[in-house]
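Peer 1: Got a sequence here, can you build the structure:
(one chain, ligands or ions: 1)
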Amino acid sequence: MKFFIDTADISGIKKAHEMGLVDGVTTNPSLIKKAGRDHEQTIREISALIPGPISVETLSDTAEGMIKEADTYITWGSNIVIKVVMTPEGMKAVRALSARGIKTNVTLIFSPLQALIAAKSGATYVSPFVGRLDDIGQVGMEIITQIRQIFDNYSLPTQILAASIRNPIHMLDSALVGADVATVPPATLFQLFKHPLTESGIATFMEDAKAWAI
Ligand code: E4P
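Peer 2: Sure thing, here's the model as predicted:
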């Protein structure tokens, strides 16, 4: 499973990249707002730093507008993926962009059939939002399992990008059910290293080494 980082915060991306943990980056309008910096400048910096795919979200509500935005975004880096919302106009845009060889990520997916529509439209990635489904009392991971089964049934090449990942259990379950990618905020990514037995084991080894190490 590939690890994408779900942030527009350059320092978090750099820290995770130094650990070799960033296969790609996802951004959205809320993450750009949180980073508090110019959109284009931020994306250009991320794109120069990370060789993997960088998702940049369109804001228009028409296919024409989305395609126009995509034409601008792809000039910001060689690895830009165009993020499009799951609407009929969005799917028109995905079909047109895909025909031109431009990679797309269909976002705000909350049902397996939305994922199937996006895949049939030619999406490179679909982003089902696990955490937001959990938030409304639905088990978010179930749709990842169902999408996996549907895509496997028909050998669909679209990659499942588990999004709205909020904790290490979401990461574990995404890997167990066969998501191709999980996109995770930096804090959750760093949490994956932690285990109390690792920490107490290191402390014991260091203490014991004092008896003999030079
Ligand atoms: C990524 O592509 C999504 O925009 C993101 O994972 C949403 O996460 P959230 O539900 O925690 O905002």
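Peer 1: contacting residues for S121?
Peer 2: By C-beta atoms under 8 Å, 6 or more residues apart in numbering, S121 lies in contact with 91, 94-95, 98, 106. For every residue, glycine as well, the C-beta is placed using N, CA and C.
Peer 1: Just the pLDDT for it.
Peer 2: Confidence at S121, expressed as pLDDT, is 98.
Peer 1: Okay, and the residue nearest the centre of the chain sits in which element?
Peer 2: The centre of the chain sits closest to T183, judged by C-alpha atoms, centre = their mean, with a distance of 3.2 Å. Here T183 sits within strand 181-184, counting by DSSP states H and E.
Peer 1: Sheet-wise, list the partners of that strand with their directions.
Peer 2: Paired strands of strand 181-184, with direction, are strand 2-6 (parallel), strand 159-162 (parallel) (DSSP bridges).
Peer 1: So which residues make contact with the longest one?
Peer 2: The contact list for strand 2-6, computed with C-beta under 8 Å, 6+ apart, reads 12-13, 16, 21-26, 31, 52-53, 55, 161, 163, 165, 180-186, 189.
Peer 1: and whichever helix or strand comes after that strand, what other elements does it pack with?
Peer 2: Downstream of strand 2-6, the next assigned helix or strand under DSSP H and E is helix 10-18. With contacts taken as 3 or more C-beta pairs under 8 Å, 6 or more residues apart in numbering; DSSP states H and E, helix 10-18 sits against strand 2-6, helix 39-49, helix 186-191.
Peer 1: from those, which stretch is densest packed?
Peer 2: strand 2-6 (a mean of 22; mean count of other C-beta atoms under 10 Å).
Peer 1: thinking again about what came up before, which one, of the strands paired with strand 181-184, ends up nearest to the ligand?
Peer 2: strand 2-6 (4.5 Å; C-beta to the nearest ligand atom).
Peer 1: so the closest one versus helix 10-18, what angle?
Peer 2: Using axes from the mean of the first three to the mean of the last three C-alpha atoms, to 10 degrees, the direction of strand 2-6 lies 170 degrees away from that of helix 10-18.
Peer 1: how far does strand 2-6 sit from the chain's center?
Peer 2: With C-alpha atoms, centre = their mean, to the nearest Å as the basis, strand 2-6 stands 5 Å off its chain's centre.
Peer 1: Show the average pLDDT along that strand.
Peer 2: What strand 2-6 shows for mean pLDDT is 98.
Peer 1: and what of stretch 40-52?
Peer 2: The average of the pLDDT scores along stretch 40-52 is 98.
Peer 1: go on, stretch 104-115?
Peer 2: In this model, stretch 104-115 carries a mean pLDDT of 98.
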